[in-house]
Every structure is written in C-alpha cells, then in structure tokens.
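Novice: coords below, sequence missing:
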DNA sequence: TAGATTGTTAATCGATTAACAATC
DNA sequence: TAGATTGTTAATCGATTAACAATC
C-alpha cells in the first residue's frame, strides 16, 4: 500500500509545467472538435515535443492513459485543469498603462472571457501620468501609482505585471513587493531583483527578437559556408 | 599552432546566446556609467546567473578577461557586439496591427533609435482590416496583407512577427514562409509549424502569466503545508 | 488474438556548478 | 609578493530520448 503523501502532486520541474499548459490548450481545442481520444504521438505532433516526453510529463501525476488506446481527451483536459489549479482565479495589477500595458489588458480581458484554460485576470491598472488616471481600458480602471499599496489588498490581487520603461522597473517592483504581491511578470527589458519569497517571471519581448535575429544570422552563415566555399 | 577554423565562432548553445544578450545590456549600461572593469561576480550579480557560468559562457569565444582584474567593460561590450552580429540590422515585418502589434511597433521604433545593442527594426505592418490600411504607426505604414509577398523582398525583410489571433496564426506563418522570410516570432497563443529552414521563436505572453500563476499557487500551498498543519 | 500504445526504466545528452591551477 | 580573479577541468545535476515489457 502506498504511503499517503502530504502534497497532492510531486513538485514538478519548471519545463514540465510549461508543457502541461500547452498540452491543455491542445486538449481543450480537440475536445471542442469532439475528439474522444488522443495518443501521445498526436499530442506530441500538435505541440512540437516528442511522444516519449509527453508520456513522461503526464506520468508524473498518475496513469491517465489506456494502453493500446491513448488518452481520453476530456478526462485528460480535466485532470490538467486540476493539476494546474485553473479553477482558482489569479488577480493581477498592471503597472505602466503605456501602449504595451494597454495591449496586454485588452488581450487579457478577451482571453479571460473566452478561454476556460486561462485563469489570470487583470483587475486594475496603475500609472503616474495624471492624464491617464481614471480612464477605463475595456472596463479596467487606471489608478494613480500611489494608490497601489491600498488597492492591492482591497482587490485581492496577488500578481503584478510590470510594463514601465526599464529605468523605472526596479522601483515599481519594490513597490509591488511592499504591497504584498506574490509574483511578478516583468516585461521591462532589464533584470530586476525581488526577495526569494516573490516569484519572478521575465517576459522580455525584445530579447526574443534579438535571440531570433542571432539564430537567423548564424544559419545564414552556415548556408554560405556550405554553398559558397 | 592552432588550426584555423572555417567558422569564426563555435556553434553555441541556445541558452548561452540568450545570456550573452543580457550580459551585453549590462555592459552597455556600465560603460555609460564610466565603469572600466567588471568581474564575473559583479556581472553575475547584475544578471542573475552564477559567476562560474558567466566565465564559462565568455570562454567559448576566447580569453577576454585579465586574471586578478576582471573584464574590460568597453572591450567585452564590443566583443559581444561582434559575436552577436549586432552591426547587421535585421528588418522585420509585423502581421496583425491590433493593439499588441501596434504596441510592439511603438516600442520597437523607440528602442531601435535609443539602444545601440538592439538590431531588429520593424519596417512594415500588415493587416486585413480595410480601415487600418494606409495608417502610419510611428512612421511605419500598414499595408494590406495581400501585398506581403511583394513587400518582403522589396523592403529586404528577413524576419516576420505574428500578432494575429490564434486561429489565423498558422495561415499567416505559411504566407510569411512563402514570402521568403528566414525567421518568425510568434506572439499568438498557439503552436505553429514551419519548415526546418525557417527559425521559429515563440513568445507566448499568456503562457508566461499562466506559468507564473502556477508557481505562485504551488508556493502558497507549500507555505500552508509548512505553517498550517 | 494481434496490433497499438502506454508507463517506466536505463542510456544518453547537455547544461551547470565546484574547484583550482594559472597568472595578473 | 600577496590577493584577486580568470580560464578550464572534472563532478554533478537534470532533462530528454530510446527501448520495451505491460496491457488494453
């Protein structure tokens, strides 16, 4: 008989969690398309990972599949939903109502309404520009930054999203931490420091582009090597 | 005597390249602040990686430092600039002039003008909405999507940026590939498939948020375990 | 039953860290 | 010289792949 564990699921590697989110999206789409079962090969093909890795990722949490058949789409979707705690809404405040901040907000409002696998909800925006205070973006109000410490607990926000210029990012991060935020997504193109109890995720859009540019350049050189000389 | 290599630098792991970009940004900032030298410890601290890894990453390309002293800030900056091929501008077209596309364009125009370590330049936008055609975003024109195949070679664009809704992403990717694009950044929240000769980078903003939400949730549970029971 | 596909183990691969001799 | 810090090697760690027995 297996020992009853204190923690419902094992602590899972970062990379695995990211893939689970991607699997779930595909499963959700397949379920809408009335698909009943899906094999690790099909799921792998649709998500761009290997079949063996799909099976290994899923096996961390139990035996979800049927040998010779595959995985039941709806069942696996529901299980991943549970594993990823998607029934729990996570409320976020966004600091920096510039064009990126507003774009993210618009996107978030639509996404939260449309996609049952998406559980992050932006509930307030903050900015220092007096001209922006009080404006509504798709129903979400822009508050002055000085109200951050008061609004965060009032709204029950636990996530902070930083979309201010690089020079202001660290200061905003400090204020989010002071306000009691548990996790931060940083869209500013600069590393920020937060205490270890605060989870930090960097989403540096320009980094992705520069990185891709580098890969393109080195591939081009390879091709030139191969053909030219 | 060492053999002269056909390729100027070794082929370098993905993760290393990403860190080099981050080192470079810090070095650029330090150089502006008149810093002369920087140790692997300092560079590590400012970028959030370990000192040993900083040294190992840099050692791939030669001996840039001085034992007992550290790295010359300006020299290392210039070397990384060369390694990352930043003297070469990479021109990009962006498809999907919605709020995210417009935000990225604004951001890109400013960044390209201000930051000498940034070499990706958006040169045209594309959309299918007739109401948007002909509009200018910070000096960049919005063209109808059907002109993509003609404009890409005309403008010398080699990178494509996808900011359309998920359902349209694959079709847009196909058209970018047909137009001769060498690399794609996909901001749509769905995996896309491209031929192996095309470099692909996924920048799924909602994935970052969901992933952070998961981490926050599991940490919270850990804390509750630790204290509560 | 035969064919298909999972769950799982062992092998491989790659990336990071630790340690330290070299040397400024 | 003594102290500091690099460049580099070996050890460790972790993640992915390959392979296959289990089993539907």
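Specialist: That came in fine, so what should we check first? Only a predicted model underlies this, so the values are computations on that prediction, with no experimental measurement involved. Numbering: from 1, shown residues only, chains lettered A, B, ... in the order given.

Novice: all strands of chain A, in order?
Specialist: Assigned by DSSP state E, chain A shows strands spanning A:37-38, A:65-66, A:70-72, A:90-95, A:120-127, A:136-137, A:140-144, A:159-162, A:183-186, A:199-202.

Novice: deepest of these, which one?
Specialist: strand A:159-162 (a mean of 27; mean count of other CB atoms under 10 Å in any protein chain shown). Just so you know, the C-beta spots here come from the backbone N, C-alpha and C atoms, and that holds for glycine as well.

Novice: which helices and strands does it pack with?
Specialist: On a contact count with 3 or more CB pairs under 8 Å, 6 or more residues apart in numbering or on different chains; DSSP states H and E, strand A:159-162 meets strand A:90-95, helix A:166-178, strand A:183-186, helix B:205-228.

Novice: try 10 Å
Specialist: strand A:90-95, helix A:99-114, strand A:120-127, helix A:148-155, helix A:166-178, strand A:183-186, strand A:199-202, helix B:205-228 (3 or more CB pairs under 10 Å, 6 or more residues apart in numbering or on different chains; DSSP states H and E).

Novice: quick check: mean pLDDT of stretch A:37-50?
Specialist: Mean pLDDT, stretch A:37-50: 96.

Novice: same question for stretch A:64-74.
Specialist: 97.

Novice: contact partners of that stretch?
Specialist: A:23, A:26-43, A:54-55, A:58-59, A:75-80 (CB atoms under 10 Å, 6 or more residues apart in numbering or on different chains).

Novice: again, only this time at 7 Å
Specialist: A:27, A:30, A:31, A:35, A:36, A:37, A:38, A:39, A:58, A:75, A:76, A:79 (CB atoms under 7 Å, 6 or more residues apart in numbering or on different chains).

Novice: now list the buried members of the residues you listed.
Specialist: Buried members of these, scored by 16 or more other CB atoms under 10 Å in any protein chain shown, are A:27, A:30, A:31, A:37, A:38, A:39, A:58, A:76, A:79.

Novice: closest to DNA strand C out of these?
Specialist: residue A:39 (3.4 Å; CB to the nearest atom of the strand).

Novice: is chain B contacted by stretch A:138-145?
Specialist: No: Stretch A:138-145 lies apart from chain B when judged by CB under 7 Å from any CB of the partner chain; the minimum separation is 9.9 Å.

Novice: my error: substitute stretch A:219-229 in the last question.
Specialist: Yes: residues of stretch A:219-229 contacting chain B under CB under 7 Å from any CB: A:219, A:220, A:225.

Novice: what's the local residue count around whichever residue of chain A sits closest to DNA strand D?
Specialist: Nearest residue of chain A to DNA strand D: residue A:68, at 2.2 Å (CB to the nearest atom of the strand). Close neighbours of residue A:68, defined as other CB atoms under 10 Å in any protein chain shown, add up to 6.

Novice: and residue A:220, by the same measure?
Specialist: 16.

Novice: swap in residue A:194?
Specialist: Residue A:194: 18 neighbours (other CB under 10 Å).

Novice: that one touches residue A:184, doesn't it?
Specialist: Yes: Residue A:194 lies in contact with residue A:184 (CB atoms under 7 Å); the separation is 6.2 Å.

Novice: ok, residue A:182 - how many residues close by?
Specialist: 22.

Novice: surely it is in contact with residue B:216?
Specialist: Yes: if you go by CB under 7 Å, residue A:182 and residue B:216 touch, sitting 4.9 Å apart.

Novice: coming back round to it: torsion angles phi and psi at the residue of chain A closest to DNA strand D?
Specialist: Dihedral pair for residue A:68: phi 80, psi -10, per degrees, to the nearest 10.

Novice: what touches both of residue A:182 and residue B:216?
Specialist: With CB under 7 Å, 6+ apart as the test, residue A:182 and residue B:216 both reach A:158, A:159, A:199.

Novice: among these, show me the least confident.
Specialist: Within these, residue A:199 has the lowest pLDDT, namely 94.

Novice: so what's that one closest to, chain neighbours aside?
Specialist: In space, and not counting its chain neighbours, residue A:199 is closest to residue A:183: 3.8 Å by CB to CB, 6 or more residues apart in numbering or on different chains.
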